[in-house]
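Asker: Provided below for reference: sequence and predicted model.
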Amino acid sequence: MDLVAIIRIAMRALARNKLRSSLTMLGIIIGVGAVIAMVSVGQGAQQQAQQQIAAMGSNVLFVSSGTVNRGGMRMGWGATKTLVYDDMVAILRECPLVKEAAPGSQAAAQVVFGNDNWATNINGTEPQYFDIRNWSFAEGSSFTQDDVNTGANVAVVGETVRKNLFSATDPIGQTIRINKLPFKVVGLLTPKGTSAAMGQDQDDIILIPITTLQKKITGQDWLRWIMVSAVSREASYSAQQQITELLRDRHRIRPGQDDDFFVRNLADVADLADQQAKLFTVLLASIASISLIVGGIGIMNIMLVSVTERTREIGIRMAIGATEGDVQQQFLIEAVVLSLVGGAVGIISGMATSYIITQTLDWPVLVSPMAIVAAVLFSMAVGIFFGFYPARKAARLDPIEALRYE
């Protein structure tokens with residue numbers, strides 16, 4: 001008997017009990033739909049995490065002033081004053097795997113424009129900072145190296161600052177006051193959102209020349225951090241080692257002594273976020289797969305009932321020449337048809353559910369073609385696995401006893 005004829009007979013057999021077949025497929029529909037929806041949520045979260053890490057910059061190393069022990073108490077990040085501008089110059093000169101570097105310091109301040117005010121972070125740096133961070137401008141442009149050299153009162157603002165100070169006004173060219181000092185806004189940064197590494201709003205920031213911050217606001221001559229860009233992501237780990245060795249030598253740190261600085265490789269943060277997102281996806285898919293197994297058990301149950309109901313039919317087929325293989329193939333294909341039809345409807349319901357999740361909960365969702373292919377193959381495997389035993393049982397019936405069955 002050819003495959004097309006077997007499938008036609010299987011469809012007729014299933015159509016005899018439409019309600020029962022539909023309820024049997026329901027388990028597969030729910031299972032496949034749940035797998036696709038949950039995998040889509042997990043992959044959407046993974047993609048969002050990678051986008052947030054990419055927003056931090058390319059091949060970035062974050063060098064910061066470190067901790068210090070005072071009277072048995074270890075102070076927190078930024079407690080030391082040993083990280084200076086000359087350290088950045090030395091990193092650029094002596095670390096061949098470093099492409100760019102930008103110095104930085106920061107202070108919290110109340111910023112005023114007209115009748116509005118906003119408490120935010122004021123970061124001092126140099127123009128190359130925006131290249132290292134891959135941070136483009138929505139309007140205007142960066143301050144220049146001449147602004148840094150002269151300590152000019154110019155500022156670049158983030159999107160959060162714009163919303164709170166310039167909701168009805170174009171910020172470019174406006175004058176804001178930081179600690180009672182006037183600053184001209186020359187640039188507006190494109191939004192970056194929340195940092196995956198720090199959990200902070202990256203857009204709640206104002207950037208000014210490092211010299212302006214040090215001389216007119218903080219009065220400090222040391223750096224809080226240095227943002228470094230390596231020549232490539234693979235080279236960032238070797239660059240991290242080069243920077244660590246260089247700074248230990250410059251700061252005269254003896255073997256066995258703790259560093260008075262931190263060097264964080266954002267590639268590590270990206271890898272950790274990627275691993276967590278993958279684990280999240282696998283966990284969601286595993287939970288959703290339970291419903292597929294339950295649906296498979298439903299198929300086995302219904303196929304066993306079908307074997308019992310069609311015992312006489314099986315006996316007649318064997319009597320007129322059908323082999324055990326023909327009977328086994330017939331019932332196995334019926335189980336596969338149930339699972340595949342259920343899987344097809346499940347794919348549609350899964351994609352619809354993903355769309356609803358995106359629209360109602362505003363969660364990032366990524367429907368992957370691989371997830372759809374995997375769901376189809378899984379549903380087929382469920383049909384074969386759970387349909388094999390009933391098919392085998394039908395094939396092993398004694399034709400004589402089957403013909404006698406009432």
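Answerer: Received it, and whenever you're ready, just let me know what you need. Numbering: from 1, shown residues only.
Asker: and the helix or strand where residue 26 lies, average pLDDT?
Answerer: Residue 26 belongs to helix 18-55 when elements are defined using DSSP states H and E. Computed over helix 18-55, the mean pLDDT rounds to 76.
Asker: before we move on, which element is the closest residue to residue 300 other than its chain neighbours in?
Answerer: Of all residues not flanking residue 300 in the chain, residue 386 sits nearest, at 4.1 Å (Cβ to Cβ, 6 or more residues apart in numbering). Yep, even glycine has a C-beta here, placed from its N, CA and C like the rest. Per DSSP H and E, residue 386 falls inside helix 369-395.
Asker: tilt between that helix and helix 18-55?
Answerer: 150 degrees (axes from the mean of the first three to the mean of the last three Cα atoms, to 10 degrees).
Asker: elements contacting helix 369-395?
Answerer: The contact analysis (3 or more Cβ pairs under 8 Å, 6 or more residues apart in numbering; DSSP states H and E) places helix 369-395 against helix 18-55, helix 266-309, helix 324-361.
Asker: poorly predicted segments of the stretch 201-350 of the chain, please.
Answerer: Low-confidence segments of the stretch 201-350 of the chain (pLDDT under 70): 269-274, 277, 288, 309-310, 314, 322.
Asker: pLDDT wise, what is the residue nearest to residue 300 at?
Answerer: 75.
Asker: what about the nearest residue to residue 214 once chain neighbours are set aside, which SS state?
Answerer: Nearest non-adjacent residue to residue 214, counting by Cβ to Cβ, 6+ apart: residue 220, 5.7 Å away. Classification of residue 220 using DSSP: H, G, I helix; E, B strand; the rest coil returns coil.
Asker: quick one: contacts for residue 220?
Answerer: 81, 105, 214 (Cβ atoms under 8 Å, 6 or more residues apart in numbering).
Asker: next one: residue 43
Answerer: Residue 43 touches 277, 281, 366, 368, 371, counting by Cβ under 8 Å, 6+ apart.
Asker: write the ChimeraX selection for whichever of these are buried.
Answerer: Selection of the buried residues among the contacts of residue 43 in ChimeraX, burial being defined by 16 or more other Cβ atoms under 10 Å:
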select :277,281,366,368,371
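Asker: which among the contacts of residue 43 gets closest to residue 168?
Answerer: residue 366 (36.6 Å; Cβ to Cβ).
Asker: now do the phi/psi pair for the closest one.
Answerer: When read as degrees, to the nearest 10, the backbone of residue 366 gives phi -130, psi 110.
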